[in-house]
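1. Sharing a model prediction with you, sequence too.
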Amino acid sequence: MNIVKSKVFDRKVVIRLKDRVCETPDELLRSELFGRILNHVLAELGRRQSRLLDIFPDKRNITSPQIDLLLETIRYLCKMPIQQVPQLVPGSEPFTHDAHLLEEFLRYVYNSWRNFDRFLICDSANDSLADRPYRTFQTSAEQLMHIIRHTWRDIYANVSGQHPNIYRQVTAGVGMAAITDISDLPYPLGYESLNKVPLIRHVMLYPPLVINPPMNTRTGSFEQVFRNPLDLIALNPDEWLCYPALVGKLLVNIYFHETFYDLGFALTNLFELADDEALANRRPDAVFVYGAQGAALDGFGVFPTVFYDDEANKMLVGAVPGRPEFGYFGYLKKMALTLHNICVMKEQRLPFHGALFQITLKGGKQSTILVMGDTGAGKSETLEAFRVLGADEIQDIIVIADDMGSLDINEQGQVLGYGTEVGAFVRLDDLQPGYAFGQIDRIIMMNAGQTNARIVVPITTYKHVVCGYPIDIVLYCSNFELVDDTQPVLQRFANAADALPVFRAGASMSKGTTSSTGLTHSYFANVFGPMQFPTLHDKLAERYFQTFDTAGIFVGQMRTRLSIAGWEQKGPEAAAAALLEVIRNRP
């Protein structure tokens, strides 16, 4: 096996290689990595003195020579029936005398391997692997998957004396594979060391991927600091990767540590991966270091999720520590979006926290709708309800933004909307029944079975994200207010003066997506940039809301009731129905 390096830690396996993996079962079983996995399994079983260790003469005292003998026995079991092995491997009788027990043990080893989060990094430096990505993945990730399954099936047949009646084509290789390269990006002075970190050029996933990060909620906010975090952080190229993310029209290079590889690779379902053309002669708008090791950031406070505005170099820098309490995808996603939002405000664009989509009814009537609101307000859920309720009336829905985006005003006075993400990070509990299973061949699922279990799933294309769609309707999404005669599901504001206070207050009932509880208020429901620069944002908001009036844009409030018991599904459905009526009646 042409492995440059491999690691086994924290239920993760990281394999770094050049070009190809092993080609034969014997090469696989003689690899250092297989030996390490076997030793890991033996140690795990030994801690509880499992009956599976009864294949050894004394399971309380397993020696290195006995483990070497077991390895040799397994290699022969891949080639011949169990009855013949003792004749060729002296001393293997204790392992082979109970075939059923040995089969159970070997099946446990196989399943234990599959229970690791497994990553394959194909190093393209000084090579041309990135020029032929599919061929590279075929001779690495695909080859590994097939050879592991083939090896297990041969061993099973030789130990049990029979072939399976049912063949399950499980993902036996890795779950995530990447081709990386070393690039010379045009960083300003003081940032050059970032170019030593391998840059992801292509990714292959084997969904559905189910990962269990240490946290299932996000705590605190992202605070501005006045020292560059990069001055305090050393990035070991053997432990870090860079995902060059196209966040809307911006390039944000996200550096993540191997501790958080599972979360870092989940970015592939959220942000477009910058290709060579997007990177050519282009300096990143921001960099983000996720998983800073040790106490490097502790000087910034108890909860150092921070960003730095390097005005001299026109560069934003985000940083989050690598401790388990920061092991939640929300930190990764929201910091990247915070950096985006600050950048666009500096360009006189208005960032928003909300969902933006264009609906085309049968007959050709189109409406582009922006629904702003806090996390858990019901934005994504209402959009999903549209897909069901309007199935016979809606011709098409184009998702432009699922969570964050920005507005711009063109020379003709039109308000244009842009997105940031090609995917969505969505709560399982708030989706239409069966939706996740309908998308299971594409999803990355996190914290299944826990509060705030979520999926990351692709929902749109990058072309739609950056196209720029004229806005027709702007709504604030409230998830906690009851509906009655004075508070309808959908209510239009008379003017910008009436609308601004509601949008600015950002009221929402917490849904358990952060550590906040109860009724909360956040500036424009967006603590990801606007809250840190309220003076700049206020000027922009007043200008844009006045333009909404001038342009005749419908501005109102939508009550989803998502946080009210019993209305988690019915509330977004009613909101979707009311909005559909408004769209029908638009001129």
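-> Arrived safely, thanks for sending. Numbers count the residues shown, from 1 in each chain.

2. Against the centre of the chain, work out the most remote residue.
-> residue 87 (51.6 Å; Cα atoms, centre = their mean).

3. What strand or helix carries that residue?
-> Following DSSP states H and E, one finds residue 87 within helix 85-88.

4. Give me the residues contacting the following helix or strand past that helix.
-> Next helix or strand after helix 85-88 toward the C-terminus (DSSP H and E): helix 93-96. For helix 93-96, the external contacting residues (Cβ atoms under 8 Å, 6 or more residues apart in numbering) are 55-57, 69-70, 73, 82-83, 85-86, 102. C-beta coordinates here come from the backbone N, C-alpha and C atoms, glycine included.

5. got it, and stretch 31-42?
-> Contacts for stretch 31-42 (Cβ under 8 Å, 6+ apart): 1, 3, 6, 8, 13, 15, 22, 28, 53, 62, 67, 70-71, 108-109, 112-113.

6. could you redo the last one with a cut-off of 10 Å?
-> 1, 3, 6-9, 11, 13, 15, 21-22, 27-29, 50, 52-53, 56, 59, 62, 64, 66-68, 70-71, 74-75, 105-106, 108-113, 116, 148, 151 (Cβ atoms under 10 Å, 6 or more residues apart in numbering).

7. Which positions in that stretch come out as buried?
-> 31, 33-34, 37-38, 40-42 (16 or more other Cβ atoms under 10 Å).

8. Give me the number of neighbouring residues for the closest residue to residue 123 other than its chain neighbours.
-> Excluding its sequence neighbours, the residue lying closest to residue 123 (Cβ to Cβ, 6 or more residues apart in numbering) is residue 18, at 5.6 Å. Neighbour count for residue 18, taken as other Cβ atoms under 10 Å: 15.

9. burial count for residue 464?
-> Counted with other Cβ under 10 Å, the neighbours of residue 464 add up to 20.

10. Okay, and it sits in which element?
-> Take DSSP H and E as the rule and residue 464 turns out to sit in helix 462-467.

11. So which residues of the stretch 151-300 of the chain form strands?
-> Counting by DSSP state E, counting those that start in this stretch, the stretch 151-300 of the chain has strands at residues 176-181, 199-205, 209-211, 223-225, 240-247, 250-257, 272-273, 286-292.

12. Tabulate the ones you listed (TSV), appending mean pLDDT, distance to residue 381 and mean neighbour count.
-> Listed next are the strands of the stretch 151-300 of the chain as TSV, based on pLDDT from 0 to 100; distance: least, Cβ to Cβ, whole Å; neighbours: other Cβ atoms under 10 Å:
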stretch	mean pLDDT	distance to residue 381	mean neighbour count
strand 176-181	96	29	24
strand 199-205	97	26	21
strand 209-211	93	22	19
strand 223-225	96	30	14
strand 240-247	98	24	24
strand 250-257	98	27	23
strand 272-273	98	24	20
strand 286-292	98	28	26
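
13. wait, which of the ones you listed is closest to residue 374?
-> For residue 374, the closest of the strands of the stretch 151-300 of the chain is strand 223-225, at 19.0 Å, according to Cβ to Cβ.

14. Okay, now the unreliable bits of the stretch 201-350 of the chain?
-> Within the stretch 201-350 of the chain, not a single segment meets pLDDT under 70.

15. next one: the chain
-> In the chain (pLDDT under 70), the answer is 1-4, 19, 129, 430-438, 511-517.

16. Now the residue nearest to residue 402 when sequence neighbours are not counted. Its backbone dihedrals?
-> Take residue 402 and drop its neighbours on the chain: the residue closest to it by Cβ to Cβ, 6+ apart is residue 424, 4.1 Å away. With angles defined as degrees, to the nearest 10, residue 424 sits at phi -130, psi 150.
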